[in-house]
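Peer 1: sharing a sequence plus its predicted fold:
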Amino acid sequence: MFDRGESAGAKICNDWSDGVSWMAHPEEGGQRVSHAIRTPDGVWLLDPLDAPDIDRALADFGAVAGIAVLSCWHSRDADVFADRYDVPVSVPDWMGRVEQRIDAPLERYSGSFPASSIRAIPSRPFSVWDEAVLSHEPSGTLIVPDSLGTIDSFLVGEEQLGLQLLRRLRPPLELNDLEPERVLVGHGTGITENGSAVLRAALRSPRRRFPRALVRNGPATLRNILRTVG
């Protein structure tokens, strides 16, 4: 599901005027995606995974201002990028499990995200689940690291964007009022057309679809959790 070896080369899966998303291991089943987004303060790297050619792609967006980890379930290669660009790793002050995973200077923030044009939305459905959803209003971009995804293990029926199995029981309804142009996720290619409509569809009656999702995605979800915790 997740390739822990060195990347053979990144695949750009989303590219727009203010940012880029890439897969460091495009052949893996989990399709982990990292993001870079341009702000007035410089470019921010979000949940980055290293790849031999990614620095060239990032250079088009300006100097790196910071690195951010958005989920307590992973640190990815945040410390590698922090060392390379001589910037700290930013994490919300309420997010657990991350500090022991990162070998780099760590900066905790409370409330506002360090980049003024990005808003951090806390999403904490369970005691062991801390996630920061980011909204970049200037570009109409919503970044959801773990709760939403576009790979098969997130989807049921005709869904384009689906909730992680456990999040169907406690969906992130705080996102209902947002109207993004694009929705980027941590697993799978992002939604770049009709983002608001696709987001609303994903958040509509998720509990009703839970039994079907449990049958279809339950085994894969359990394997992913065990691999992540392990």
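Peer 2: Looks like it arrived, so ask away.

Peer 1: quick one: the residue lying closest to Glu181 once chain neighbours are set aside from Asp18, how far?
Peer 2: Spatial nearest neighbour of Glu181, excluding adjacent residues (CB to CB, 6 or more residues apart in numbering): Gly140 at 3.3 Å. C-beta here means a position set from N, CA and C on the backbone, and glycine is covered the same way. Separation of Gly140 from Asp18 (CB to CB, to the nearest Å) stands at 9 Å.

Peer 1: what about the helices in the protein?
Peer 2: Here the chain has its helices, by DSSP state H, at 54-59, 78-85, 195-203, 210-229.

Peer 1: turn these into CSV, columns for mean neighbour count.
Peer 2: Compiled in CSV, the helices of the chain are given as follows (neighbours: other CB atoms under 10 Å):
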stretch, mean neighbour count
helix 54-59, 15
helix 78-85, 19
helix 195-203, 19
helix 210-229, 14
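
Peer 1: export these to TSV and append columns for mean pLDDT.
Peer 2: Formatted as TSV, those follow (pLDDT from 0 to 100):
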stretch	mean pLDDT
helix 54-59	96
helix 78-85	98
helix 195-203	98
helix 210-229	80
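
Peer 1: center of the chain, which residue is that?
Peer 2: The centre of the chain sits closest to Pro145, judged by CA atoms, centre = their mean, with a distance of 2.3 Å.

Peer 1: for that one, what are its contacts?
Peer 2: By CB atoms under 8 Å, 6 or more residues apart in numbering, Pro145 lies in contact with 46-47, 70-71, 131-133, 185-186.
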